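Asks: dropping the sequence and predicted coords here.
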Amino acid sequence: MTLLTNVLADCREFTMAEIEHFVDPTDKVHPKFSNVADLEIMLYSSKAQTSGQSAQLTKLGDAVEQGVINNSVLGYFIGRIYLYLTKVGLSKDKVRFRQHMDNEMAHYACDCWDAESKTSYGWIEIVGCADRSCYDLSCHSRATKVPLIVNVTQFEPNKGAIGKAYKKDAKSILEYLAICDECYITDQEKRLNETGEFTIQTHGQTYKITKDLVSVKRFQKTLHVEEIVPNVIEPSFGIGRIMYCIFEHSFHAREEDEQRTYFSFPALVAPYKCSVLPLSQNPEFVPFVKELSEAMTKFGVSHKVDDSSGSIGRRYARTDEIGVAFGITVDFDTVNKTPHTATLRDRDSMTQIRAEVTELPGLVRDLANGSVTWAEVESKYPVFGGQETVKKE
């Protein structure tokens, strides 16, 4: 008899999402790496695995600088993968990146890391991130007989002449000429041949460029053509495994009652952002429920109206079980008092605040897209302690 394990993670069919990022092999530096360089991530290097050490919390910038991660382009994508996983609901303390050891590294790869998540099955791979070198495109070129090259076309400026003509402005002119694309260069080359000059605009100034300041020639003469077979950085996401980990990491039981379970999905990925719960089936509640529902629809906030006859506690529990992030309760104070207010409940903390009915849809929208936090909401609005009226006055 075979014991089945890990059946939810190991499947015959996978839904995958991949990125193919092409990079110059001589310049593997990502311009936005500084945005993630200070992230502290649990890294399990091949050296640590071989020596029997555990994973270490390491800044990405330090890992790239020390050569643990091969280059900053690969490091950038590791950082972005980590931010994505934690944003959609994985626990930071249950995510690590494990480096492939020499005996499992693909022969063509420069470096490869797997994002792994700790589950009840142990650590499982959910995203792979590999620097595949130029293997993919080299194979493609050999098979199709079509060389895959990048033609890098540049102006060739006469730096001395530009410096003499424009002095302190020469630097900005040279920088502008250096970033021009091939189409633009071809157009300006035509003007240069026809009229002997063309103009450029940079930093709010217009400059005349003549034949003695810049030239464009084709092929081996003065035009720079650099043949590059790009390297490929390939993050590969296992969608099913990521979703499974979100479910497992988000599943909790209330401390005071283990029978009351809930999913703590981030509002960003929760199927419903908010529920609308009238405390009573009294017809006086209907206009407020309708107003709230229509406003949230207008704001693009997915929500569910539960006007069933169950107790409010039972309905809270139902919405918690499917991970609804917030709940608006229309009670007798909503009907009886002006300005009309209702309560807003946070699923995870179960705390509530009271705010005007007209404010609540926008507040839920801002909470759902992450522009405000529940802590900020609690500091701004009064905490709800209980309704003051119990019937229509």
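Replies: Received it, and whenever you're ready, just let me know what you need. Residues are numbered from 1 along each chain as shown.

Asks: may I see the buried residues of stretch 174-184?
Replies: By neighbour count with 16 or more other Cβ atoms under 10 Å, stretch 174-184 contains the buried residues 174, 176, 177, 180. Heads up, the C-betas are built off the backbone N, CA and C, glycines and all.

Asks: got those as a markdown table, with pLDDT columns?
Replies: Compiled in a markdown table, the buried residues of stretch 174-184 are given as follows (pLDDT from 0 to 100):
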| residue | pLDDT |
| --- | --- |
| 174 | 88 |
| 176 | 86 |
| 177 | 85 |
| 180 | 80 |
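
Asks: output the contacting helices and strands for the longest helix seen in the chain.
Replies: Counting by DSSP state H, the longest helix found in the chain is helix 72-87. Helix 72-87 sits against strand 21-23, strand 40-44, helix 60-65, strand 95-99, strand 111-119, strand 122-131, strand 231-238, with contacts defined as 3 or more Cβ pairs under 8 Å, 6 or more residues apart in numbering; DSSP states H and E.

Asks: pretty sure residue 133 sits in a strand.
Replies: No - applying DSSP: H, G, I helix; E, B strand; the rest coil, one finds residue 133 to be coil, outside a strand.

Asks: tell me how far it lies from residue 25.
Replies: To residue 25, residue 133 is 8 Å away according to Cβ to Cβ, to the nearest Å.

Asks: over to residue 353?
Replies: With Cβ to Cβ as the criterion, residue 353 and residue 25 are 55 Å apart.

Asks: what sits against the residue most central in space within the chain?
Replies: In the chain, the centroid-proximal residue (Cα atoms, centre = their mean) is residue 84; its distance is 4.4 Å. Contact partners of residue 84, counting by Cβ atoms under 8 Å, 6 or more residues apart in numbering, are absent.

Asks: secondary structure element for the nearest residue to residue 91 once chain neighbours are set aside, which one?
Replies: Spatial nearest neighbour of residue 91, chain neighbours left out: residue 249 (4.7 Å); criterion: Cβ to Cβ, 6 or more residues apart in numbering. Per DSSP states H and E: residue 249 is located in helix 239-250.

Asks: got the buried residues for that helix?
Replies: 240, 241, 242, 243, 244, 245, 246, 248, 249, 250.

Asks: how about residues contacting it?
Replies: By Cβ under 8 Å, 6+ apart, helix 239-250 touches 8-9, 11, 14-17, 85, 88-91, 94, 117, 119-120, 124-127, 263-265, 269, 323.

Asks: of residue 353 and residue 25, which one has the most company?
Replies: residue 353 (20 against 14; other Cβ atoms under 10 Å).

Asks: any idea how far residue 325 is from the more buried one?
Replies: 14 Å.

Asks: same question for residue 287.
Replies: 25 Å.

Asks: next structured bit after the helix or strand of the chain with the lowest mean pLDDT?
Replies: None of the helices or strands of the chain scores lower by mean pLDDT, DSSP states H and E than helix 135-144, at a mean of 53. Next along the chain after helix 135-144, taking DSSP H and E as the criterion, comes strand 156-157.

Asks: name every strand pairing with that next one and say which way it goes.
Replies: strand 214-215 (antiparallel) (DSSP bridges).

Asks: contacts for the partner strand next, please.
Replies: Applying Cβ under 8 Å, 6+ apart, the contact partners of strand 214-215 are 155, 156, 157, 158, 162, 177, 192, 222.

Asks: and those residues, which is closest to residue 37?
Replies: residue 177 (30.9 Å; Cβ to Cβ).

Asks: for that closest one, which non-adjacent residue is spatially closest?
Replies: Once flanking residues are discounted, residue 177 sits nearest to residue 155: 4.4 Å by Cβ to Cβ, 6+ apart.

Asks: which residues does the one you found contact?
Replies: Per Cβ under 8 Å, 6+ apart, neighbours of residue 155: 177, 178, 180, 185, 214, 215, 216.

Asks: what's the spacing between it and residue 216?
Replies: 6 Å.

Asks: element containing residue 184, please.
Replies: Using DSSP H and E, residue 184 maps to helix 182-195.

Asks: same deal with residue 297?
Replies: helix 286-298.

Asks: any regions of this protein where pLDDT drops low?
Replies: The model of the chain has pLDDT under 70 over residues 1-13, 106-108, 134-154, 217-229, 388, 390-393.

Asks: on that earlier part again, overlap of the contact sets of residue 133 and residue 25?
Replies: residue 231.

Asks: about what we covered before: of all the contacts of residue 155, which comes closest to residue 374?
Replies: residue 178 (48.5 Å).

Asks: rewinding a little: can you redo the buried residues of helix 239-250 as CSV with distance to residue 341?
Replies: CSV is the format used below for the buried residues of helix 239-250 (distance: Cβ to Cβ, whole Å):
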residue, distance to residue 341
240, 43
241, 44
242, 40
243, 38
244, 41
245, 39
246, 34
248, 38
249, 35
250, 31
